[in-house]
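Peer 1: need coordinates for the following:
(2 chains)
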Number of protein chains: 2
Amino acid sequence: MFDFKYFTPTKVIFGRNTESKVAELIKEFGGSKILIHYGSGSVVRSGLLKRVTDTLDGAGIKYVTLGGAVPNPHLSLVHEGIELCKKENVDFLLAVGGGSAIDSAKAIGYGVANEGEVWDFYDYKRQANACLPVGVILTLAATGSEMSDSSVITKEEGLVKRGYNSDLCRPKFAILDPELTMTLPDYQTACGCTDIMMHTMERYFTNGGNMEITDALAEGLLRTVKKNALILRDDPQNYDARAEVMWAGSLAHNGLTGCGSDGGDWMTHKLEHELGGLYDVAHGAGLAAIWGSWARYVYKDCLPRFKKFAVNVMDVEPEGTDEQIALKGIEAMEDFYRSINMPTNLRELGVEPTEEELIDMAHKCAVGVGGKKGSAKVLDEEAMLAIYRASI
Amino acid sequence: MFDFKYFTPTKVIFGRNTESKVAELIKEFGGSKILIHYGSGSVVRSGLLKRVTDTLDGAGIKYVTLGGAVPNPHLSLVHEGIELCKKENVDFLLAVGGGSAIDSAKAIGYGVANEGEVWDFYDYKRQANACLPVGVILTLAATGSEMSDSSVITKEEGLVKRGYNSDLCRPKFAILDPELTMTLPDYQTACGCTDIMMHTMERYFTNGGNMEITDALAEGLLRTVKKNALILRDDPQNYDARAEVMWAGSLAHNGLTGCGSDGGDWMTHKLEHELGGLYDVAHGAGLAAIWGSWARYVYKDCLPRFKKFAVNVMDVEPEGTDEQIALKGIEAMEDFYRSINMPTNLRELGVEPTEEELIDMAHKCAVGVGGKKGSAKVLDEEAMLAIYRASI
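Peer 2: Purely as a prediction, here's the structure:
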């Protein structure tokens, strides 16, 4: 196993109507002038934003608001937020929404707390020294950004999507009220479950440094999400199932499921990343569409893990050769994706890239990872192209 | 399930020789004058204390030292530490050791940061407003105090043992180097594994508010410790097994295995507590000696959990009635305790209370919990006495 650092300072307040505690939490962490940052109008339409501002008004906390954070949140809005915060002397950021609003708020936090252009951090040109404190009211269980050190921003010019990781941006608090996720469309719920499972699986399928306890926690998390995703497919208003998935989403990406490992594989994410750049597809659905082809390409090089996954997560009987068991696990995972109406190839995802586009995506993906990447199996450009072709 | 709060701000630095990072961690958390608090001479004899002070010297960090923290750490030493800290203007506490040194350091931290008598907090008379920051170099995997909000102190006058819980005392950092635990006697290692499992099991055996994901994590943790405790019995120098147990110890008591539940049962701890007051027994061994009698007394009132435990943790085949499966799980757990040379009754623990002493312990235990307590089954004084009698 590898040495590791584990740092999850976010105070999680979990349960019904916990958003009513937002004012006291902001005060606890020293906020006096707030930027409320949110995404689409659903936060407004549902009345959540009004409830939040009423609570802040009641507590005498001043705020300004900025909506419009979109999936793959835009750098231009981040710039707008930074200017607004500086003008209004904002000292605390409250993200109300899913990963887009949170990631965008984190970027605003970097921009306010450091001199110069914020994109520099995402462009790997320099490191941030600070970040304005961020709090979260989560409305979508998926990205895990509510506890993570990660923020992904898209620069519109050239559609460059980049992530920056630093403990500085880990939220001070995260309000997790499962009821806030009940109005999500079924497709979004399924995409979220897929994203949560993939955050765990990217860390699970490695050839380096795995700990038994980390594996056990990861397998338990995956089994829980798998079971409750099916419950939510049939009964979207099931509070307990919403809660299981929501808490799993935070734990899947706060670092817990990677302790002791080499950091994970992450190639499914990288391959999906290029797909998301070319087509307007939901991240979770894109991951599901790519995963099976990736898994079939790499599993022989990571056979003990794929076998363990098949038996411990997908309930495959440990009969036959290791390869047979591993393949049954991959098939069972694809069956699961189909059962929650997720695609398992690009056609089902609704996109049909040409051969030239596949070649272009593989090239961009290889450049994006510096040539080669992967832990289950190290993939070069040729391997990436082979996986894209197999995923059609 | 119940609403919950989850707050584990401790920065964990895990791996070989991570104690070399102690100076930079102290600086990161603002420490400039340190009290190094430790327990027995083993920290001195092993050379660990010298390595720590050399590192602090090299970084120009000033310190004073205070040894002598014993199991069930004493209030008098806490008072001594408080005086020393005030005299020397200490602003950061470094505990080097196991739960005793950490709990004692936390108490010193409360005493320095608050006016008045520190025992007031442990005596439930008032709440602390602050605590001096605490960092940990752990040498014994057991109590989980390196990430927990808990501190247990014994007032010598009348041998009153009390715990105080507050997020204020959660350590800023915890240095976990599994190699530091390799010199432990086998008995101590087994006691530690028992304590770790019991921290999880106390939360697991409840009749209220359990979450599937919490159960899955708890079961995974228990399976991991069970397996690695046996490895350490035969191969105490096994680094990987030491690491699995050490990380499990922190996760077992930082709150993770209780999310969504009613808080747990904790009666095995309470029953052991009185035993520890009367006899000089190791905490882990005392827990093992009591648990089976407790389990047989309560399992019918918490049957689904005992059945789940039997199947998912103890690998009992799910055949027969639920009661039969549950009982097989209890037997398997007792077999496991015996296999790591832990006692499963008071005789094996080496103590032989008289009937009068049993009655006295049951009475003190009932008074200590305010009459009745328990979640698997609510126990009154009569029930406590029955369990003590059955444990002889």
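
Peer 1: count the residues that sit near the closest residue to residue A:85 other than its chain neighbours.
Peer 2: Excluding the flanking residues, the one nearest residue A:85 by CB to CB, 6 or more residues apart in numbering or on different chains is residue A:112, at 4.7 Å. Heads up, the C-betas are built off the backbone N, CA and C, glycines and all. Neighbourhood size, residue A:112 [other CB atoms under 10 Å in any protein chain shown]: 22.

Peer 1: before we move on, what about the one 3 residues further on?
Peer 2: As a burial measure, residue A:115 scores 6 neighbours (other CB under 10 Å).

Peer 1: quick check, it in a strand?
Peer 2: No - counting by DSSP: H, G, I helix; E, B strand; the rest coil, residue A:115 is located in no strand; its state is coil.

Peer 1: near chain B, which residues of the stretch 201-350 of chain A?
Peer 2: Within the stretch 201-350 of chain A, the positions near chain B by CB under 8 Å from any CB of the partner chain are A:211-213, A:215-217, A:219-221, A:223-224, A:227-228, A:240, A:243-244, A:247-248, A:251, A:256, A:259-260.

Peer 1: I'd say the residue nearest to residue A:85 and residue A:87 touch.
Peer 2: No - here residue A:112 lies out of contact with residue A:87, judged by CB atoms under 8 Å, at a distance of 10.7 Å.

Peer 1: quick check: phi and psi on residue A:176?
Peer 2: Dihedral angles of residue A:176 (phi, psi; degrees, to the nearest 10) stand at phi -120, psi 100.

Peer 1: report pLDDT for the spatially most central residue of chain A.
Peer 2: Taking CA atoms, centre = their mean as the criterion, residue A:143 is the residue nearest the geometric centre of chain A, at 2.3 Å. Looking at residue A:143, its pLDDT is 95.

Peer 1: chain B contacts on the stretch 1-150 of chain A?
Peer 2: So far as CB under 8 Å from any CB goes, the stretch 1-150 of chain A lies against chain B at A:1-9, A:11-16, A:18.

Peer 1: from those residues, which would you call buried?
Peer 2: A:1-2, A:4, A:6-9, A:11-15, A:18 (16 or more other CB atoms under 10 Å in any protein chain shown).

Peer 1: residue contacts, the residue nearest to residue A:85?
Peer 2: A:82, A:85, A:86, A:90, A:132 (CB atoms under 8 Å, 6 or more residues apart in numbering or on different chains).

Peer 1: domains in chain A, as residue ranges please.
Peer 2: A:11-180, A:185-390 (automatic domain parsing).

Peer 1: distance to residue B:77 added to these, as JSON lines?
Peer 2: What follows is the domains of chain A, written out as JSON lines (distance: least, CB to CB, whole Å):
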{"stretch": "domain A:11-180", "distance to residue B:77": "32"}
{"stretch": "domain A:185-390", "distance to residue B:77": "34"}
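
Peer 1: quick one: the strands in the stretch 101-250 of chain A?
Peer 2: Along the stretch 101-250 of chain A, the segments classed as strands by DSSP state E, counting those that start in this stretch run A:134-138, A:150-155, A:160-165, A:173-176.

Peer 1: comparing these, which comes out most buried?
Peer 2: strand A:134-138 (a mean of 30; mean count of other CB atoms under 10 Å in any protein chain shown).

Peer 1: if I look at the residue nearest to the centre of chain A, how far off is residue A:99?
Peer 2: 3 Å (CB to CB, to the nearest Å).

Peer 1: and residue A:15, what does it touch?
Peer 2: Applying CB under 8 Å, 6+ apart, we find residue A:15 in contact with A:176, A:177, A:178, B:2, B:3, B:4.

Peer 1: let's see 6 Å
Peer 2: residue B:3 (CB atoms under 6 Å, 6 or more residues apart in numbering or on different chains).

Peer 1: what's the answer for the one 3 residues further on, then?
Peer 2: Residues near residue A:18 by CB under 6 Å, 6+ apart: A:175, A:177.

Peer 1: gap between it and residue A:25?
Peer 2: 9 Å.

Peer 1: for chain A, what's the longest strand?
Peer 2: As assigned by DSSP state E, the longest strand anywhere in chain A is strand A:4-14.

Peer 1: what's the neighbour count on the closest residue to chain B within the stretch 251-392 of chain A?
Peer 2: Closest approach of the stretch 251-392 of chain A to chain B (CB to the nearest CB) occurs at residue A:259, with a separation of 6.6 Å. Residue A:259 is flanked by 24 other residues according to other CB under 10 Å.

Peer 1: can you check the one 5 residues further on too?
Peer 2: By other CB under 10 Å, the residues close to residue A:264 number 21.

Peer 1: the residue lying closest to it once chain neighbours are set aside - how many residues pack around it?
Peer 2: Nearest residue to residue A:264 in three dimensions, chain neighbours excluded: residue A:203, at 3.9 Å (CB to CB, 6+ apart). Residues lying near residue A:203 (other CB under 10 Å) number 26.

Peer 1: look at residue A:203 and report its pLDDT.
Peer 2: For residue A:203, the predicted pLDDT is 97.

Peer 1: name the nearest residue to the residue in chain A sticking out farthest from the centre, ignoring sequence neighbours.
Peer 2: Ranked by distance from the centre of chain A (CA atoms, centre = their mean), the top residue is residue A:320, with 35.5 Å. Setting aside the residues directly before and after it, residue A:320 is nearest to residue A:328 in space (CB to CB, 6+ apart), at 7.9 Å.

Peer 1: scan chain A for its longest helix.
Peer 2: helix A:212-234 (DSSP state H).

Peer 1: for it, packing partners?
Peer 2: The elements that helix A:212-234 packs onto, with contact taken as 3 or more CB pairs under 6 Å, 6 or more residues apart in numbering or on different chains; DSSP states H and E, are helix A:186-204, helix A:239-253, helix B:212-234, helix B:239-253.

Peer 1: got the angle for that helix vs strand A:4-14?
Peer 2: 30 degrees (axes from the mean of the first three to the mean of the last three CA atoms, to 10 degrees).

Peer 1: would you mark the buried spots in helix A:212-234?
Peer 2: Neighbour counts using 16+ other CB under 10 Å place A:212-226, A:228-230, A:232-233 of helix A:212-234 among the buried residues.

Peer 1: looking at the buried ones among the residues of the stretch 1-150 of chain A next to chain B, which one is closest to residue A:340?
Peer 2: Closest approach between these and residue A:340, by CB to CB: residue A:14, at 23.8 Å.

Peer 1: so who does the closest one touch?
Peer 2: A:176, B:3, B:4.
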